[in-house]
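Asker: Curious how this folds, go ahead:
(one chain, ligands or ions: 1)
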Amino acid sequence: MNGTVRTTCPYCGVGCGVLAQPDGTIKGDPAHPANRGRLCSKGSALAETLDDSERLLHPVVEGTRASWDAALNLVAMRFRETIAAHGPDSIAFYVSGQCLTEDYYVANKLMKGFIGSGNIDTNSRLCMASSVAGHIRAFGADVVPGVYEDLEEAELVVLVGSNLAWCHPVLHARLQAARSARGTRVVVVDPRGTATSESADLHLAIAPGADVALFAGLLVHLDAAAAIDRAWVAAHATGLDEALSMAQETAPDLAHVASVTGLSPAEIARFYEWFATTERTVTVYSQGVNQSSAGTDKVNAILNCHLATGRIGRPGMGPFSVTGQPNAMGGREVGGLANQLAAHMRFDRPGDLDRVRRFWNAPTLATHPGLKAVELFEAVREGRVKALWIIATNPADSMPQVARVRRALSTCPFVVVSDCWPTDTTALAHVVLPAAGWGEKDGTVTNSERRISRQRRFREPPGEARPDWWMLAEVARRMGFADAFAWNSPAAVFREHATLSGFENGGTRSFDISALAASTDAEYEALESVRWPRPAGAAGGDRLFAHGNFPTADGRARFVPTRWRPPARLPDATFPMLLNTGRMRDQWHTMTRTGRVPRLMTHVGAPTAAFSPQDAVRLDVAEGALVRLRSPHGEAVLRAAITPAQRPGEVFVPMHWTDTFAGSGPVGRLVSAATDPISGQPELKATPVRAEPV
Ligand code: SF4
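Answerer: A predicted model of the protein is given here:
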């Protein structure tokens, strides 16, 4: 490397700018608007992950090293044969929020455009699909209205189901700095006490799954307190009366909300009063909201309160979904979810199918949504999906009910996995393709505030590793689609993606980056981070919806009536506790990268099962004692951690550890695969379990 290279952290959705320096060190980019030079512990340790010793270096077919030509020819041939024998829906791709937008674009184009199936879904389904569905119901499109500065300009920040201090540390640091400067109040709504709730002005340790009741009750309170901005609502939204009526049914008074949420009427009343009387309010929501069988309703219950007060898209105001992965939003932009088309176009909107078909010159374009993640692996298990390509993700450890997923993979006739490191998923593949990783390839990612940033190459990929977009395009060419996959660089892929975003748009679709469609290779290389939209010939990139103009047919947002319902599966005599799962500060996903950095293991070196002191007494377990957790789906043995931060009757286990990194194996072996009926997102935070001393 000749000079410092500006790139972007590959971990979370904050999307911090990073400087890769010639001496091999990594530091925060002071010029990047997302982090202004800050990095968290994971980002600071990135240089220590650049170790090739355990990387996948060569294509492998049935356990034997193969040439790229042989491996790619085999993949193309098996896909062609499977389609010929069983139709396009017998093929599926399962991709990742770790993919760059260019990788995602090529995967989506190949599957939906040319294989002709909607069967491409992503591990982002496990992360923020409920926010996507909630946004579409309320706004007409999957749009996050606000920007990071709003957290600094707010007077009240409500964090719902978000341990921001550990999961989005740099954004949390920005919020904390703003609190010191202006005294911002923070409310945390989370069943657990966390590093985030420790410093909050109010921690609402809500019962799992009760968020709809809390926010329906808030809507009722806003009405009673005359805090609804009726002029704004009349001009920019519809459906308030129906939403209010449902809210009054499901959360008629404080006593009822208290009984559902497990909170005291006094603490609920304090939260409601702060929200009602604070104009500059931001509500941040994350996996605690999304990873629920009622996740979409939870999102809409929150959005209803911001629409009712007209607090959206103005400085220091708005609902704000923060995404877990570095490119969850970029994947959504290109159609990486099975129910999306491309560039925010939809299967169910007149004209969109024809538009994409003509743009891609793809007569076999899929005409209906494909299988969402949980359904997809069930279809593999049942033999309906017969060939699967998994890209940059490890579902053998990260999916709920992993035993079923592993059975599905081990019986699937043809499994391709492209990744950087060996995982429990590559172990089940017929073909393993070595992928270029962070710092070894070029592309873009979009963070939680719609900011597109470049990831840049600054080192050679090890062995024969290649970028995912290249592998996908090579397979497409070998399947007979050479003309449509003729790019020679990620810059060319990006130009096509940007052009499609503006194709026959006319301002009707929020996602429009056509101003970037004519970028030369040099301009793409030098691209400064930009927030979308960036339509050709117009300014963009600021907050959205302050003055309405929602991307619905009538330009108005929709209130969505929401009724509280409990988690899909409740504790009973056999499984009397509820299992919650989540992140640790210094680990990432199934630890394929962070688990190899010794200093990141010093924060939390092994998984534990966290219990309340009351449950520890009841179970007769001491701190550090071995405990067996059983659910209807499997069991795991972990060491007990006893903490008053845990509500009685609930147990928390980190999501990261796998068979590779600890004997307890993935927590997914315990977790139920119940899903939200609208978003398809699995309920990763509420599985009935039994705990017993070992
Ligand atoms: Fe990377 Fe997220 Fe940490 Fe920023 S906050 S350095 S994007 S992990």
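Asker: Nearest to the ligand: which residue in the stretch 1-150 of the chain?
Answerer: residue 43 (2.4 Å; C-beta to the nearest ligand atom). Yep, even glycine has a C-beta here, placed from its N, CA and C like the rest.
Asker: For that residue, report the pLDDT, please.
Answerer: Model confidence at residue 43, given as pLDDT, is 96.
Asker: Now it: closest residue in space that isn't a chain neighbour?
Answerer: Counting by C-beta to C-beta, 6 or more residues apart in numbering, residue 43 lies nearest to residue 9, which is 4.5 Å off, once chain neighbours are set aside.
Asker: and the one you found, what does it touch?
Answerer: Applying C-beta atoms under 8 Å, 6 or more residues apart in numbering to residue 9 gives the contacts 15-18, 39, 42-43, 46, 326.
Asker: Would you check how far apart it and residue 592 are?
Answerer: Distance of residue 9 to residue 592, given as C-beta to C-beta, to the nearest Å: 16 Å.
Asker: what does residue 495 give?
Answerer: Per C-beta to C-beta, residue 495 is found 31 Å from residue 592.
Asker: And for residue 3?
Answerer: In terms of C-beta to C-beta, residue 3 sits 29 Å off from residue 592.
Asker: the more surrounded of the two?
Answerer: Comparing residue 3 with residue 592 by other C-beta atoms under 10 Å, the one with more neighbours is residue 592, at 28 against 8.
Asker: how about that one, phi and psi?
Answerer: phi -60, psi -30 (degrees, to the nearest 10).
Asker: Please name the nearest non-neighbouring residue to it.
Answerer: residue 421 (4.7 Å).
Asker: Hmm, residue 591 and that neighbour touching each other?
Answerer: No - the pair residue 421 and residue 591 fails to qualify as a contact (C-beta atoms under 8 Å) at a distance of 9.9 Å.
Asker: More neighbours: which of these two?
Answerer: Higher neighbour count among residue 421 and residue 591: residue 591, with 25 against 19, using other C-beta under 10 Å.
Asker: Who are the packing partners of the helix or strand harbouring the residue of the stretch 1-150 of the chain closest to the ligand?
Answerer: Per DSSP states H and E, residue 43 falls inside helix 41-44. Applying 3 or more C-beta pairs under 8 Å, 6 or more residues apart in numbering; DSSP states H and E, we find helix 41-44 packed against strand 26-28, helix 169-182.
Asker: helix or strand right after it?
Answerer: As assigned by DSSP H and E, the chain's next helix or strand after helix 41-44 is strand 60-61.
Asker: And the contacts of that following strand?
Answerer: Contacts for strand 60-61 (C-beta under 8 Å, 6+ apart): 66, 70-71, 74, 430-432.
Asker: about what we covered before: pull the most distant pair out of the contacts of residue 9.
Answerer: 17 and 42 (14.7 Å; C-beta to C-beta).
Asker: Of the two, which one has the most company?
Answerer: Applying other C-beta under 10 Å to residue 17 and residue 42 shows that residue 17 carries more neighbours, namely 26 against 22.
Asker: who does the more buried one bridge with?
Answerer: Going by DSSP bridges, residue 17 is paired in beta bridges with residue 8.
Asker: Identify the residues contacting it.
Answerer: Going by C-beta under 8 Å, 6+ apart, residue 17 touches 6-9, 28-29, 31-35, 453, 529.
Asker: Compare these and tell me which is most surrounded.
Answerer: Busiest of the contacts of residue 17 [other C-beta under 10 Å] is residue 8, holding 31 neighbours.
Asker: didn't that one look like it was pressed against residue 14?
Answerer: No - Residue 8 is beyond contact range of residue 14, at 9.9 Å (criterion: C-beta under 8 Å).
Asker: Next to the ligand, which bits of the stretch 151-300 of the chain? Give me the list.
Answerer: Taking C-beta under 6 Å from any ligand atom, the part of the stretch 151-300 of the chain that reaches the ligand is made up of 168-170.
Asker: Of those, just say which sits nearest to residue 574.
Answerer: Residue 574 has its nearest neighbour among these in residue 168, at 37.0 Å by C-beta to C-beta.
Asker: Verify the stated contact: that closest one with residue 322.
Answerer: Yes - Residue 168 is in contact with residue 322 according to C-beta under 8 Å; the separation is 5.4 Å.
Asker: list the contacts for the residue in the stretch 401-550 of the chain that the ligand sits nearest to?
Answerer: Of all residues in the stretch 401-550 of the chain, residue 447 sits closest to the ligand, at 7.7 Å by C-beta to the nearest ligand atom. Contact analysis of residue 447 by C-beta under 8 Å, 6+ apart lists 13-15, 34, 323, 326, 329, 453.
Asker: farthest pair in those residues?
Answerer: 323 and 453 (13.8 Å).
Asker: Now residue 413. Nearest residue, chain neighbours left out?
Answerer: residue 386 (5.0 Å).
Asker: How about the contacts made by the one you found?
Answerer: 82, 86, 90-91, 412-414.
Asker: Point out where this structure drops to low pLDDT.
Answerer: 1-2, 660-664 (pLDDT under 70).
Asker: Can you name the residues of it that neighbour the ligand?
Answerer: Proximity of the chain to the ligand, by C-beta under 6 Å from any ligand atom, involves residues 9, 11-12, 14-16, 35, 39-40, 42-43, 168-170.
Asker: tell me which residues of stretch 465-480 are tucked away?
Answerer: The neighbour-count check on stretch 465-480 (16 or more other C-beta atoms under 10 Å) flags 465-479 as buried.
Asker: Which ones among those map onto strands?
Answerer: Per DSSP state E, strands hold no members of the buried residues of stretch 465-480.
Asker: now, the most widely separated pair of those residues?
Answerer: 465 and 479 (22.5 Å).
Asker: and residue 675, what does it touch?
Answerer: Taking C-beta under 8 Å, 6+ apart, we find residue 675 in contact with 293, 372, 374, 681-683.
Asker: what's the spacing between residue 536 and residue 332?
Answerer: 21 Å.
Asker: These two - which one has more neighbours?
Answerer: residue 332 (26 against 17).
Asker: thought the more buried one was touching residue 340?
Answerer: Yes - Residue 332 is within contact range of residue 340, at 6.8 Å (criterion: C-beta under 8 Å).
Asker: what ranges do the helices span in the stretch 501-650 of the chain?
Answerer: With helices called from DSSP state H, counting those that start in this stretch, the stretch 501-650 of the chain shows them at 521-526, 613-619.
Asker: need those in JSON lines with mean neighbour count, can you?
Answerer: Converted to JSON lines, those look like this (neighbours: other C-beta atoms under 10 Å):
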{"stretch": "helix 521-526", "mean neighbour count": "13"}
{"stretch": "helix 613-619", "mean neighbour count": "16"}
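Asker: Residue 349: which of these is closest?
Answerer: Of all those, the one in closest proximity to residue 349, counting by C-beta to C-beta, is helix 521-526 (29.9 Å).
Asker: hmm, who's touching that closest one?
Answerer: Counting by C-beta under 8 Å, 6+ apart, helix 521-526 makes contact with 442, 454, 456, 489-491, 494-495, all of which sit outside it.
Asker: and what of stretch 77-86?
Answerer: So stretch 77-86 is in contact with 90-91, 115, 386-387, 413-414, 475, 478-480, going by C-beta under 8 Å, 6+ apart.
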